[in-house]
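Trainee: Next comes the sequence, and after it the predicted model I'd like to discuss.
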Amino acid sequence: MSQAPKPPRAAAMRPRPISEIQRWDGECDVIVVGFGAAGASAAIEAADAGARVILVEVASGSGGTSAMAGGDIYLGGNGGTEVQRANGFEDDTEDFFRYMMMAGGPDADEERVRLYADGALAHFEWLKAQGVPYRNTYIPGKPVMPGTGDCLILSGSEYAWPFRDEARPCPRGHLPEAIGETGGFMLLDKLARRVHALGVEVRFQTRARALVVDASNRVGGLVVVTDGEEKALRARNGVILCAGGFALNEDMLRQYAPIRQRFANDGLSGGYDDGSGIRLGMSVGGAAIHMDELFLTLPFYPPESHVKGILVNDKGARFINEDAYGGRVAHYIASQIGDRFFLLVDDVIFKQPSPYSKIEIAAVGSTWEEVERELGLPSGCLVSTVEVYNRHAAKGEDPLFHKHDSWLKPLDEPPFAALACHLKQAYYPFFTLGGLRVRPTGEVLTTDGDAISGLYAAGRTACGLPRWGKGYSSGMSLGDCTFFGRKAGKQAATSPLA
């Protein structure tokens, strides 16, 4: 993983009074900070609305962390996208809405979810209009970044309990037509081409240092650093912060998301998720919410046959239905006491885990008693767990955790194995979900719920649709970044400072 540069000093993030600005080194209507999916979408929409836009990016090129993703975007509703309908799926808007509300957790933003559920179909058409290609093809099962160029996948917990009981299941992950794990790169390439075609002024290798405010705390510009030199940029309408999350800022993670200390690997990032956008917003009174929430996953599938196994803790007890999305499973792992966790499989479903998962074989035996002894677990605990599971699975039931019957199989064909999914050993990718509190149209809010004039945020700098790790589905972040990045861009473009 890329190492983050040292975050800017706290003092440097303090807002700069407009009275201290000697001259402007550039003027526009809207300044966008960050050239990932959110920033690109905001810049496109603002420019389309007639605004003059300056986009600043700390790296030497576009993409950000979004370009590292698989590229899938969570879409549906209104009867389904053309890809869903072409493959026999009808996705009712209310089912889509209910699923997204469950995925958002106890503090799901209902207004935001409603806008997304109602507008996702039109957003899919917008993505295609920007040049993003999609095939009308579907891959069943639980593929993770298949890289085949096919489009539609099950990318969440749609068929898993308790989600399936509240919303009719439907596959909603839409991947661009990209070969290999390049879907995110393709998405950002198409958006970046559109940004340049619209005449947006882009300044690379430019770090945002401070917001410029007037005596009423209205944000009207940005102080940046390029080649070691400070420059001031004026924004007649305001500034949109799209600078990513804080997955590489260990100080912020320690302060806000201590669960990160439970696993050893670095966060997922294009190299600049240092929390600077969030801290800029906080410097002028912006409230940050759900800063403890992470996207976190354990890649124990593929191979997807391992979903038919069972996960146990260091007491040999199950704690989650294993057919849930990998991110939900990982959060239930991290919520347990202890660091040792095992995926139990028999000979029929065993596949060698991929090397990047860092999942190793912890024990093998001809009986589950042998596996239990080799793992050093309390006598009888693991054996009892497997016996109860096998007895019900043989009848197509899982009364304890409600795994879907399509993934139920007794673990009764030796040899048996336990795969180590230990928190300090296996690879648990993560990025942050918390960020600035914003309206759906992007205005940054204070703790009292008041909008900060001239300041907007989108993407992982804001706390948007995905705000609860146990409900995350793949594609929600890019969906949130692009959809609400557009909302922020349009709002800023049409709202000049008074």
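Mentor: Great, that's in hand.

Trainee: pLDDT below threshold where in this protein?
Mentor: Across the chain, the ranges flagged by pLDDT under 70 are 1-12, 300-302.

Trainee: Name the single longest strand found in it.
Mentor: Identified as the longest strand of the chain according to DSSP state E is strand 229-241.

Trainee: Name every strand pairing with that one and say which way it goes.
Mentor: strand 27-33 (parallel), strand 219-226 (antiparallel), strand 451-457 (parallel) (DSSP bridges).

Trainee: Next SSE downstream of it?
Mentor: For strand 229-241, the succeeding helix or strand toward the C-terminus, using DSSP states H and E, is helix 250-256.

Trainee: Just the buried positions in that next one, please.
Mentor: Neighbour-count burial for helix 250-256 flags 250, 252-253, 256 (criterion: 16 or more other C-beta atoms under 10 Å). Backbone N, C-alpha and C define where each C-beta goes, glycine included.

Trainee: Which helix or strand lies directly C-terminal to it?
Mentor: Using DSSP H and E, the helix or strand that directly follows helix 250-256 along the chain is helix 276-283.

Trainee: other SSEs contacting that following helix?
Mentor: In terms of contacts (3 or more C-beta pairs under 8 Å, 6 or more residues apart in numbering; DSSP states H and E), helix 276-283 is packed against strand 206-213, strand 229-241, strand 288-289, strand 435-436, strand 451-457.

Trainee: Next, the residue nearest to D92 when sequence neighbours are not counted: phi, psi?
Mentor: Nearest residue to D92, sequence neighbours excluded (C-beta to C-beta, 6 or more residues apart in numbering): R168, at 6.7 Å. R168 adopts backbone torsions of phi -60, psi 130, taken as degrees, to the nearest 10.

Trainee: May I have stretch 80-89 exported as PDB, CA atoms only?
Mentor: Output of stretch 80-89 as PDB, limited to C-alpha atoms (Å, rounded to 0.1, in the frame of the first residue of the first chain):
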ATOM      1  CA  GLY A  80     -34.200  -1.900 -12.600                       C
ATOM      2  CA  THR A  81     -31.400  -0.700 -14.900                       C
ATOM      3  CA  GLU A  82     -31.300  -2.100 -18.500                       C
ATOM      4  CA  VAL A  83     -28.700  -4.600 -17.300                       C
ATOM      5  CA  GLN A  84     -30.900  -5.900 -14.500                       C
ATOM      6  CA  ARG A  85     -34.000  -6.100 -16.700                       C
ATOM      7  CA  ALA A  86     -32.000  -7.800 -19.500                       C
ATOM      8  CA  ASN A  87     -31.100 -10.600 -17.000                       C
ATOM      9  CA  GLY A  88     -34.600 -11.100 -15.700                       C
ATOM     10  CA  PHE A  89     -34.400  -8.900 -12.500                       C
END
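
Trainee: contact partners of that stretch?
Mentor: 75-76, 79, 90-91, 121, 124, 134-138, 151-152, 170-172, 174 (C-beta atoms under 8 Å, 6 or more residues apart in numbering).

Trainee: Tell me which of the strands paired with strand 229-241 approaches F185 most closely.
Mentor: strand 27-33 (20.2 Å; C-beta to C-beta).

Trainee: between the helix or strand following the closest one and strand 229-241, how many degrees?
Mentor: Per DSSP H and E, the first helix or strand lying C-terminal to strand 27-33 is helix 37-48. Helix 37-48 and strand 229-241 are oriented at 90 degrees to each other (axes from the mean of the first three to the mean of the last three C-alpha atoms, to 10 degrees).

Trainee: what sits against E369?
Mentor: Counting by C-beta under 8 Å, 6+ apart, E369 has contacts V383.

Trainee: which SS class is it?
Mentor: helix (DSSP: H, G, I helix; E, B strand; the rest coil).

Trainee: From G376, how far off is it?
Mentor: 13 Å (C-beta to C-beta, to the nearest Å).

Trainee: Run the chain-centre distance for stretch 427-447.
Mentor: In terms of C-alpha atoms, centre = their mean, to the nearest Å, the centre of stretch 427-447 is set 11 Å apart from its chain centre.

Trainee: Same question for it: list its buried residues.
Mentor: Buried-residue list, stretch 427-447, by 16+ other C-beta under 10 Å: 427-445.

Trainee: before we move on, what about stretch 189-199?
Mentor: Within stretch 189-199, the residues that count as buried by 16+ other C-beta under 10 Å are 189-192, 194-195.

Trainee: Quick one: residues in contact with it.
Mentor: The contact list for stretch 189-199, computed with C-beta under 8 Å, 6+ apart, reads 35, 37, 40-41, 43-44, 47-48, 53, 55, 62-63, 130-132, 202, 482.

Trainee: and those, which are buried?
Mentor: 35, 37, 40-41, 43-44, 47, 53, 55, 62-63, 130, 132, 202, 482.

Trainee: which ones among the buried residues of stretch 427-447 are found in strands?
Mentor: 430-432, 435-436, 443-445.

Trainee: Among the residues you listed, which pair sits farthest apart?
Mentor: Maximum pairwise distance among those (C-beta to C-beta): 28.3 Å, between F430 and E443.

Trainee: what about P299, which SS state?
Mentor: At P299, secondary structure determined by three-state DSSP is coil.

Trainee: was I right about it contacting S357?
Mentor: Yes - using C-beta atoms under 8 Å, P299 is in contact with S357, at 4.8 Å.

Trainee: more neighbours, those two?
Mentor: Neighbour count, other C-beta atoms under 10 Å: between P299 and S357, P299 has more, with 20 against 17.
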